[in-house]
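> quick one, fold the following:
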Amino acid sequence: MSSVPIPETFRALVTQRADGQVTSGIEARSIAQLTEGDVIVRTRYAGVNFKDCLSIRGEAKIITEFPRIAGIEAVGCVVASGAPDFSPGDEVLVHGFQTGIAYDGGFSEWMRIPGKHLLKLPPGLSARDVATIGVPGFTAAMALARFESYGLDPQAGPIAVSGANGAVGMLAISIFSRAGYQVTAITRRPGQADMLRRLGAADVVDTRVALESTRPLEAPRYAAAVDNVGGRVLPWMLRSMAEGGLVASVGNAGGNSFEGSVLPFIMRRVHLFGIVANATWTERKQLWARLAGDWKPDFTALAPHVHTVALDELLAHAGQQLQGATSGRTLVDYGPAQ
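Model prediction:
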């Protein structure tokens, strides 16, 4: 049995809907009030993603049923388990499987999680390391695995990463460079070029300067690209691909829609595909093993850009993140188990 007692109540950020209005606030919750699961986890960290911010601020229809505790990813320690693969004391992570959407998620001091949704922390990564990588780093890893399934290797040419100052962008730069690729950071904050180079970027391009061009095809610069932005950036990336270029669309911070041309697809055989960080178990285990191994990010370089907030500060932070007033990776830090 775990030495950590399960409290009668604990704090969670609960999102409600009433009369068509979505609101979120800190409330007391008990284990019995959480969605069903056979493993009880004391939450250690919860990543704060753009999707989470939309959910708790009521700015997108993401949550499927209310009330709900949002937070699409979390890292914690098992305190009690009815699942044969997990025991008290195991450090675990959860992401995907509708966590924070159809199941209560990480914005809670305690979680009740189906064992079939959990993964033990990969050897070689601490709880803080795994939380730093989280969904953003796993998304970057999924994109890289997809690129390599098409035959991409470091000799093919540089990989462009838009939204380079965000969590996915920073982690993609670190992971791709560790894997041996030359990375070009595409950013609206060129004043942070030195920081992006310390993360592993070989080149930095000002997004605003790039978008001044409206040519139907740009010079063929990149073998592959990860787009976190959408809007006007995605079609520019497509126009800038080399022959057979690969573009992974992973985010929409700049808008859900884009206007483009068929020329990159016809003239250069460019491939465009989407990435959602909800993989099969085989792929999950393979990618987390690589993220703990040859794709392991440079946590020392990333550390200044990983910020923590308390649960009480989360709602205000979400508003800032949606306005583009934050950068890097943000974690809710619940502190060590008492």
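> my guess is A131 meets G47, correct?
Yes: using C-beta atoms under 8 Å, A131 is in contact with G47, at 6.2 Å. In short, each C-beta sits where N, CA and C put it, glycine included.
> how close does G157 get to S126?
As for G157, its distance to S126 is 34 Å (criterion: C-beta to C-beta, to the nearest Å).
> ok so, going back, any common contacting residues for A131 and G47?
By C-beta atoms under 8 Å, 6 or more residues apart in numbering, A131 and G47 have these common neighbours: L331.
> how many neighbours does D206 have?
The local packing of D206 (other C-beta atoms under 10 Å) involves 15 other residues.
> with neighbour numbers in mind, choose between G157 and S126.
G157 (19 against 12).
> where do the helices of the stretch 151-300 of the chain begin and end?
Under the criterion DSSP state H, counting those that start in this stretch, the stretch 151-300 of the chain contains helices at 167-178, 193-199, 207-210, 233-239, 263-268, 281-291, 299-302.
> pick out the shakiest of those, pLDDT-wise.
Between the helices of the stretch 151-300 of the chain, the lowest average pLDDT goes to helix 207-210, which shows a mean of 92.
> P235 - nearest residue in space that isn't next to it in sequence?
Residue nearest to P235 in three dimensions, not counting chain neighbours: G260, with 3.8 Å by C-beta to C-beta, 6 or more residues apart in numbering.
> surely the one you found touches M241?
No: G260 is beyond contact range of M241, at 11.8 Å (criterion: C-beta under 8 Å).
> thinking again about what came up before, got the helices of the stretch 151-300 of the chain as a markdown table, with distance to H95 columns?
As requested, the helices of the stretch 151-300 of the chain are exported to a markdown table (distance: least, C-beta to C-beta, whole Å):
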| stretch | distance to H95 |
| --- | --- |
| helix 167-178 | 13 |
| helix 193-199 | 22 |
| helix 207-210 | 28 |
| helix 233-239 | 25 |
| helix 263-268 | 32 |
| helix 281-291 | 9 |
| helix 299-302 | 18 |
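> now render those helices as JSON lines, adding mean neighbour count.
Putting these into JSON lines (neighbours: other C-beta atoms under 10 Å) gives the following:
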{"stretch": "helix 167-178", "mean neighbour count": "28"}
{"stretch": "helix 193-199", "mean neighbour count": "18"}
{"stretch": "helix 207-210", "mean neighbour count": "14"}
{"stretch": "helix 233-239", "mean neighbour count": "25"}
{"stretch": "helix 263-268", "mean neighbour count": "15"}
{"stretch": "helix 281-291", "mean neighbour count": "16"}
{"stretch": "helix 299-302", "mean neighbour count": "16"}
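> below-threshold pLDDT in the protein: ranges please.
For the chain, applying pLDDT under 70 flags the ranges 1-2, 337-338.
> got the domain boundaries for it?
Domain assignment of the chain by the TED database yields the ranges 10-121+301-333, 135-274.
> any chance of these in TSV, plus distance to R290?
Below are these laid out as TSV (distance: least, C-beta to C-beta, whole Å):
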stretch	distance to R290
domain 10-121+301-333	14
domain 135-274	7
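> wait, which of those domains is closest to Q286?
Nearest to Q286 among these is domain 135-274 (7.7 Å), distances taken as C-beta to C-beta.
> first to last residue in the closest one, what's the distance?
Chord length of domain 135-274, first to last residue, is 15 Å (C-alpha to C-alpha, to the nearest Å).
> and the strands in the stretch 1-150 of the chain?
Ranges of strands in the stretch 1-150 of the chain, per DSSP state E, counting those that start in this stretch, are 10-18, 21-29, 39-47, 68-69, 73-81, 91-95, 110-113, 119-120.
> just list what the first one packs against, helices and strands only.
Think strand 10-18. strand 21-29, helix 50-56, strand 68-69 (3 or more C-beta pairs under 8 Å, 6 or more residues apart in numbering; DSSP states H and E).
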